[in-house]
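A.B. asks: task: produce atomic coordinates for the following.
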Amino acid sequence: MQLSNPQHIRTLRYAVGLTIAIALAFGIAWPLSFLFPVLSAVMLALPLPKPTLSQGLRNMRNTLFAFGVGFLVTQFILPHTVLYIPILGLLLFHTYYHLNRGGSFWLVLMLLICLLLMPMLAGVHEGLAIGVVSGLVGSSWLTICLLWLAHYLVPDLPGGPAMPAPPGYQPGYSAPAAEAALKSTVVVLPIAILFLANNWTSQILVMVFAAIFSLSPNLDKGKEAGMNSIKSTLIGGGAAFFVYWALVVVPEYHFLILLMFLVSLSFGAAINAGTAMAKYLPSAMVAMIILVNSSLAEDADFSENFVMRVLLITMATIYVVTALRVLDAYWPKPIVISSKL
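C.D. replies: Numbering: from 1, shown residues only. Modelled structure (predicted):
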């Protein structure tokens, strides 16, 4: 592979970085270790240059802040249902509002995961919730460190692209941002309350997907995001099927690392080729990692895990699209006052 081609450089960096993450996650297997390669797959697929030290440290700080918010809400507010529901709605609104005004997407993603995951898992066991989100913080910090390592091992060409300037945070009140945040909150809050009330921890993916799909309360965008996730899951499921049965034949750790390097190299080449399928492949790689990880557990059923994941994403898509359609139909329209001269 010629490293004078920027596409080849990004492809090799994707494969090397993701293989390192998979080797550590599957080799050490700390709580929620699979999130490390999942987050790494998402970030390495982006055609971005090496993050600066200040950007990495800021993302680490944002992750810790999100963990602190989720912990305080779970520890002190969750036991008081009358207070918890409106406070959760208020926190969700401000989370979406922050994103709509140009805030950090990483911070918003971490806040959504912490606000929705921790209270649900606290219903099973308080220590489990703290351990899970602590694993999330550790995996996210390792992801940031891995980005630096991957760029060090496979650097960009001199004079490569600069880090794109963020759109900038808009201070002050913004009516369009507030309206969009309110719509997203109205969509997510009922399903969050429903899952918490019934303690549906086994179906938590539906709630998380619904929160992600509703980041943009636009009916077409929400529908497109859901359909893209279904297609990505089908592609990732096909790759996971191949990896799973290859590991059944050769159940060795070294073979797993070699196999995942070859698979990630193939995915990286397709992602950076710019083909029509490229937009589905980063999420497909995430789906493959999750399916392989869940299928390697004792007494796990690959077919059941695959069908359940597709079903959950489909349910999340149907809910978000239906809720946004109802909101669009009944949302108050601006009153136009005409004057006659």
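
A.B. asks: the stretch 1-150 of the chain: helices as residue ranges?
C.D. replies: All helices of the stretch 1-150 of the chain, identified by DSSP state H, counting those that start in this stretch, fall at 6-28, 35-44, 53-72, 81-100, 105-122, 126-153.

A.B. asks: compare these and give me the one nearest Tyr280.
C.D. replies: In terms of CB to CB, the element of the helices of the stretch 1-150 of the chain nearest to Tyr280 is helix 35-44, at 13.2 Å. Heads up, the C-betas are built off the backbone N, CA and C, glycines and all.

A.B. asks: for the closest one, packing partners?
C.D. replies: Secondary-structure packing of helix 35-44 (3 or more CB pairs under 8 Å, 6 or more residues apart in numbering; DSSP states H and E): helix 6-28, helix 126-153, helix 281-295.

A.B. asks: from Leu24, how far off is the nearest residue to Ile235 once chain neighbours are set aside?
C.D. replies: Nearest residue to Ile235 in three dimensions, chain neighbours excluded: Ala284, at 3.9 Å (CB to CB, 6 or more residues apart in numbering). As defined by CB to CB, to the nearest Å, Ala284 lies at a distance of 22 Å from Leu24.

A.B. asks: and those two? Which one has more around it.
C.D. replies: Ala284 (27 against 17; other CB atoms under 10 Å).

A.B. asks: name the helices or strands packed onto the lengthiest helix in the chain?
C.D. replies: When the chain is parsed with DSSP state H, its longest helix is helix 219-249. For helix 219-249, the packing partners by 3+ CB pairs under 8 Å, 6+ apart come out as helix 204-213, helix 253-273, helix 281-295, helix 302-330.

A.B. asks: mean confidence for that helix?
C.D. replies: On average, the pLDDT along helix 219-249 is 77.

A.B. asks: next, the angle helix 281-295 makes with that helix.
C.D. replies: Angle between the axes of helix 219-249 and helix 281-295 is 50 degrees (criterion: axes from the mean of the first three to the mean of the last three CA atoms, to 10 degrees).

A.B. asks: so that it lines up with my notes, have the first residue be 26 from now on.
C.D. replies: From this message on, residue numbering opens at 26, which makes the last subject helix 244-274.

A.B. asks: check the secondary structure at Pro357 for me.
C.D. replies: Assigned with DSSP: H, G, I helix; E, B strand; the rest coil, Pro357 falls in the coil class.

A.B. asks: how far away is it from Val213?
C.D. replies: As judged by CB to CB, Pro357 and Val213 stand 20 Å apart.

A.B. asks: just want to know which of these two has more residues nearby.
C.D. replies: When Pro357 and Val213 are compared on other CB under 10 Å, the one with more neighbours turns out to be Val213, at 30 against 6.

A.B. asks: pLDDT below threshold where in the stretch 26-175 of the chain?
C.D. replies: The stretch 26-175 of the chain contains residues with pLDDT under 70 at 26-28, 148-158.

A.B. asks: give me the number of residues near Ile296?
C.D. replies: Using other CB under 10 Å: Ile296 sits among 27 other residues.

A.B. asks: does it touch Leu306 like I think?
C.D. replies: Yes. Using CB atoms under 8 Å, Ile296 makes contact with Leu306 at a distance of 4.9 Å.

A.B. asks: show me whatever sits in contact with both of these two.
C.D. replies: Shared contacts of Ile296 and Leu306 (CB atoms under 8 Å, 6 or more residues apart in numbering): Ala70.

A.B. asks: one step back: among the helices and strands packed on helix 60-69, which is the most enclosed?
C.D. replies: helix 306-320 (a mean of 24; mean count of other CB atoms under 10 Å).

A.B. asks: ok now the longest helix of the chain, how far from the chain's centre?
C.D. replies: In terms of CA atoms, centre = their mean, to the nearest Å, the centre of helix 244-274 is found 14 Å from the chain centre.

A.B. asks: same check, this time on stretch 85-97
C.D. replies: 16 Å.

A.B. asks: so which bits of stretch 268-278 are buried?
C.D. replies: 268-269, 272 (16 or more other CB atoms under 10 Å).

A.B. asks: let's have the residues you listed in CSV, adding distance to Thr339.
C.D. replies: Compiled in CSV, the buried residues of stretch 268-278 are given as follows (distance: CB to CB, whole Å):
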residue, distance to Thr339
Val268, 23
Tyr269, 22
Leu272, 27
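
A.B. asks: so which of the helices of the stretch 26-175 of the chain gets nearest Val346?
C.D. replies: helix 106-125 (17.8 Å).

A.B. asks: hmm, Arg86 and Trp131 touching each other?
C.D. replies: No. In this structure Trp131 lies outside contact range of Arg86 using CB under 8 Å: 10.3 Å.

A.B. asks: which one of the two has more residues nearby?
C.D. replies: Per other CB under 10 Å, whichever of Trp131 and Arg86 has more neighbours is Trp131, with 19 against 11.
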